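Asks: what would the 3D arrangement of this be:
(one chain, ligands or ions: 1)
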Amino acid sequence: MNKELIPWSDIFSIDKKIIDSQHKILIKLINELYAAFLDGKANDHISNILDELTKYTVSHFKTEEVFFEEVNYDDADNHKKEHQDFVDKVVDFKTKFKEGDVSLSYDIMNFLRDWLQNHILVSDRKYISYLK
Ligand code: FEO
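Replies: Below is the predicted model:
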């Protein structure tokens, strides 16, 4: 079985090297989480990936938000809100997971995949034209 939930594809490329490389790392972390889920890895292992995913997501969003300031991006507030809503959801899930209140599921994995794919293909693609 293919354990890559999101295979990298050039359709995700937004032609800005630092952003593409950060998106590749985010995709890699989601794929790692998915593989751990399928393999039934211990909760500690999954918790570590969730910590890493949260940390890296926050750092990636910060990189983009600095670009927004630099180019005075006019849709920055909406984009930042998308970022914050996603971080809030991931942190909320992670907290409940660590407390044993929820488990990793296909629903969660599909949410992460769909959110990231859609965000890269729609929202990130919009701001990138301002950087050129
Ligand atoms: Fe690449 Fe707006 O996140």
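
Asks: what mean pLDDT does the helix or strand containing residue 24 get?
Replies: According to DSSP states H and E, residue 24 maps onto helix 17-38. Mean per-residue pLDDT for helix 17-38: 97.

Asks: got the angle between the helix or strand just after that helix and helix 17-38?
Replies: Using DSSP H and E, the next helix or strand after helix 17-38 towards the C-terminus is helix 43-71. Taking axes from the mean of the first three to the mean of the last three CA atoms, to 10 degrees, one finds helix 43-71 and helix 17-38 inclined to each other by 160 degrees.

Asks: which element follows the one helix or strand residue 86 maps to toward the C-terminus?
Replies: Element membership of residue 86 [criterion: DSSP H and E] is helix 76-98. With elements assigned by DSSP H and E, the helix or strand that comes after helix 76-98 is helix 106-118.

Asks: and that next one, what other elements does it pack with?
Replies: helix 17-38, helix 76-98 (3 or more CB pairs under 8 Å, 6 or more residues apart in numbering; DSSP states H and E). Just so you know, the C-beta spots here come from the backbone N, C-alpha and C atoms, and that holds for glycine as well.

Asks: in that helix, which residues are buried?
Replies: 108, 109, 112, 113, 115, 116, 117 (16 or more other CB atoms under 10 Å).

Asks: ok, so of those residues, who is nearest the ligand?
Replies: Among the buried residues of helix 106-118, residue 116 lies closest to the ligand (CB to the nearest ligand atom), at 8.1 Å.

Asks: what residues does that closest one make contact with?
Replies: By CB atoms under 8 Å, 6 or more residues apart in numbering, residue 116 lies in contact with 6, 23, 26, 27, 30.

Asks: residue 5 is in contact with the last one, correct?
Replies: Meaning residue 30. Yes - Residue 30 lies in contact with residue 5 (CB atoms under 8 Å); the separation is 6.0 Å.

Asks: picking up where we left off before, helices and strands around the helix holding residue 24, which ones?
Replies: Helices and strands touching helix 17-38, by 3+ CB pairs under 8 Å, 6+ apart, are helix 43-71, helix 106-118.
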